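> missing the sequence, but the structure's below:
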Ligand code: UT7
């Protein structure tokens, strides 16, 4: 069986910096509240109507492909993780293929919808395809343009202040030696799906709950994804039960890391670098403490970028690699928890 390794990595964040104080002009919040609860100082927003989830992903992907020493034409599969796709359908995988000018139709393109753990899910999928010998160079991407779909009023402040835009990408390549992806652990529990969700537009028609809230027309044949009531009442933004999600996160992060450590016969002392999904600095710090990791073994950048969901791990890994924090032979631990709920970890021998 083959192994897979990250042969190239890259990231892109838009130039437009949005500070906490700028958000405080739009809604009832403050720099102090945001920093104290989340650690976030600023985030980036893509340039409206000029950038998209796909265009940012393409910028990150070009760097990753170049650093892998490959060309776009050697990519044989694309796995794209996002919760803020350009279109409802088709997915961003094919849009990225087009954006990169990949005309080879032999390749496959797949979209992954696992929010905060999307990148690790995508990496795991790519790893399996390489292990079976089906593909050699897989482009794995996490990208988000959250800023196109946030509620910039006080009503949405608990969610809006957290999110930022950006993209990260890796080329996962077939490898003959022992390093590379050692293991990935994936989990899901849909019991609390609506506790962190972006519900409308959607085909649910109020099936799960809140049917009366949404103002569906009384029409047997013509269903509708988006109603005037949804727009008017603001049911078209992400919602989160923050405290509940926080409590689940600090439970599931350590669990899924310990599961992978046990599987590989390692202890937390063996970890050279821990890159948690950048959901909240307080969550990262809690997990760090629990694992007994010193500061230099943990990489956080939520202070600069906010929570970029599927993009947060590849952006952080790429930055850490660029700054020399990821060295050959290092044991890298990635972990994430988020909407679904889904959670996951990956161990990589660099
Ligand atoms: O990446 C996906 C996974 N996501 C997460 O892991 C996020 C997990 N949750 C969190 O990080 C935290 O719950 C938040 C940072 C989202 C919120 O922090 P919190 O300490 O849990 O605040 P809260 O939601 O309990 O709200 C406390 C108070 C409320 O006011 P009252 O009811 O006490 O008067 C909120 O209305 O803070 C208020 N509040 C705000 N105030 C100023 C909520 N958002 C804001 C805000 N600025 N942006």
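Thanks, I have the structure now. What you see is a predicted model, and the numbers here were worked out from it, not measured in a lab.

> only C-alpha atoms for contact and neighbour calcs from this point on.
OK.

> residue ranges of the strands in the stretch 201-350 of the chain, please?
239-240, 273-276, 331-338, 342-349 (DSSP state E, counting those that start in this stretch).

> the shortest one pairs with which strands?
As defined by DSSP bridges, the strand partners of strand 239-240 come to strand 196-197 (antiparallel).

> could the strands of the stretch 201-350 of the chain be laid out in CSV, adding mean neighbour count?
Below are the strands of the stretch 201-350 of the chain laid out as CSV (neighbours: other Cα atoms under 10 Å):
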stretch, mean neighbour count
strand 239-240, 18
strand 273-276, 25
strand 331-338, 26
strand 342-349, 24
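
> out of the ones you listed, which gets nearest to residue 301?
Relative to residue 301, the nearest member of the strands of the stretch 201-350 of the chain by Cα to Cα is strand 273-276, separated by 9.7 Å.

> for that closest one, the distance to its chain's centre please.
Distance of strand 273-276 from its chain centroid, counting by Cα atoms, centre = their mean, to the nearest Å, is 14 Å.

> which among the strands of the stretch 201-350 of the chain is found nearest to the ligand?
The closest of those to the ligand is strand 331-338. By Cα to the nearest ligand atom, the value is 4.2 Å.

> just give the strands next to the closest one in its sheet, each with its orientation.
For strand 331-338, the paired strands and their directions (DSSP bridges) are strand 273-276 (parallel), strand 342-349 (antiparallel).

> how about the ones you listed in CSV, adding distance to residue 239 and mean pLDDT?
Below are these laid out as CSV (distance: least, Cα to Cα, whole Å; pLDDT from 0 to 100):
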stretch, distance to residue 239, mean pLDDT
strand 273-276, 22, 98
strand 342-349, 16, 98
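
> a markdown table for those strands, including distance to residue 301?
Conversion of the strands paired with strand 331-338 to a markdown table gives the following (distance: least, Cα to Cα, whole Å):
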| stretch | distance to residue 301 |
| --- | --- |
| strand 273-276 | 10 |
| strand 342-349 | 19 |
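
> go through those and name the closest to residue 293.
The nearest among the strands paired with strand 331-338, by Cα to Cα, is strand 273-276 at 8.4 Å.

> is that closest one positioned near the ligand?
No: counting by Cα under 6 Å from any ligand atom, the ligand is not contacted by strand 273-276; separation bottoms out at 10.5 Å.
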